[in-house]
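Peer 1: Can you look at this prediction? I've put the sequence above it.
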Amino acid sequence: MQFSDLNIDVIHTKIAGVSFEGRQEIIKILKVGEILELRREPDNKFDRNAIQILREMGEWPATHITQYQQLGYINKELAADLADAMDRGINYICKVSSITGEGKDLLGVNIGITKEEI
């Protein structure tokens, strides 16, 4: 049975890959309760089920295109399940539930993922 098929209100997990590409600086300004975007990355060379976790930066004035910062990825095991569901048109809402590691060298981000109600 897959996570996406279970009758679970919230899937709790942490963001993977937060120590790469300057992501720690983005985490420093995150707020608990902030909504993040989950975006499939099927052409990822390491994992065809990859799901990016993105923070909206706002709209770029010249182009009116919304810009995003990448915080990391859904862990590989969970992504293997959610990717299939997302590819079938199921949408998920991702919220920051806590920031971990305050006062230490490496911050982490715990998130809650819920299925979007239609």
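Peer 2: That came through fine.
Peer 1: Quick check: which ranges of this protein have low pLDDT?
Peer 2: In the predicted model, the chain carries pLDDT under 70 at residues 1-8, 58-64, 118.
Peer 1: So which residues of the protein form helices?
Peer 2: All helices of the chain, identified by DSSP state H, fall at 23-27, 76-87.
Peer 1: any chance of these in a markdown table, plus mean neighbour count?
Peer 2: Glycine gets a C-beta too; all of them are placed from N, C-alpha and C. Formatted as a markdown table, these follow (neighbours: other Cβ atoms under 10 Å):
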| stretch | mean neighbour count |
| --- | --- |
| helix 23-27 | 18 |
| helix 76-87 | 17 |
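Peer 1: Kindly reformat these as JSON lines containing distance to K14.
Peer 2: JSON lines is the format used below for the helices of the chain (distance: least, Cβ to Cβ, whole Å):
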{"stretch": "helix 23-27", "distance to K14": "11"}
{"stretch": "helix 76-87", "distance to K14": "10"}
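Peer 1: So for C94, which of the ones you listed sits nearest?
Peer 2: Of all those, it is helix 76-87 that lies closest to C94, at 10.2 Å by Cβ to Cβ.
Peer 1: And for that closest one, what's in contact with it?
Peer 2: Residues from elsewhere that reach helix 76-87 (Cβ atoms under 8 Å, 6 or more residues apart in numbering): 2-4, 11, 13, 16, 38, 40, 42, 47-51, 73-74, 92, 113.
Peer 1: List buried residues within those.
Peer 2: For the contacts of helix 76-87, a neighbour count by 16 or more other Cβ atoms under 10 Å gives the buried set as 4, 11, 13, 16, 38, 40, 49-51, 73-74, 92, 113.
Peer 1: and the two most separated of these?
Peer 2: The largest separation in these, counting by Cβ to Cβ, is between S4 and A16 at 18.4 Å.
Peer 1: Return the closest of the buried ones among the contacts of helix 76-87 with respect to M57.
Peer 2: Distances from M57 to the buried ones among the contacts of helix 76-87, taken by Cβ to Cβ, are shortest for L38, at 16.4 Å.
Peer 1: Please name the bridge partners of that closest one.
Peer 2: Per DSSP bridges, the residues bridged to L38 are I53.
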